[in-house]
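Trainee: Fold the following and give me the result.
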Amino acid sequence: MRIAEFFAMGGYAPYVWGSYGLALTVLVYNAWIPVRRHRRLRLSIQAETRTASRHPVAPTHRISNENGA
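Mentor: Here you go, the predicted structure:
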């Protein structure tokens with residue numbers, strides 16, 4: 001069997017190699033999406049932390065003692 005015959009796959013090469021290509025694309029996408037989401041979430045948390053440290057928030061309620069004062 002020659003290499004060209006193997007890659008031609010009896011005339012079914014476009015279907016077979018297309019299926020392999022699509023499967024590889026889906027696998028790469030499934031690995032890449034969580035990495036991208038993690039990076040965006042980490043950057044978002046860092047930005048919120050920087051903003052919160054620059055602008056501390058005052059308490060919105062007052063804690064009273066047992067006497068109600």
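
Trainee: phi, psi of residue 12?
Mentor: Phi and psi for residue 12, reported as degrees, to the nearest 10, are phi -100, psi 10.

Trainee: Tell me the spacing between it and residue 19.
Mentor: Distance, residue 12 to residue 19, using C-beta to C-beta, to the nearest Å: 10 Å. C-betas here are computed from N, CA, C, even on glycine.

Trainee: number of nearby residues for residue 16?
Mentor: Applying other C-beta atoms under 10 Å, we find 13 residues neighbouring residue 16.

Trainee: in stretch 41-50, what's buried?
Mentor: Buried residues in stretch 41-50, counted by 16 or more other C-beta atoms under 10 Å: none are found.

Trainee: For residue 40, see how far away residue 34 is.
Mentor: Applying C-beta to C-beta to residue 34 and residue 40 gives a distance of 11 Å.

Trainee: gap between the longest helix along the chain and the chain center?
Mentor: What stands out as the longest helix in the chain, according to DSSP state H, is helix 13-54. When C-alpha coordinates are averaged (C-alpha atoms, centre = their mean, to the nearest Å), helix 13-54 and its chain have centres 4 Å apart.

Trainee: so for that helix, what's the average pLDDT?
Mentor: Throughout helix 13-54, pLDDT has a mean value of 93.

Trainee: Which strands or helices does that helix pack on?
Mentor: Helices and strands touching helix 13-54, by 3 or more C-beta pairs under 8 Å, 6 or more residues apart in numbering; DSSP states H and E: there are none.
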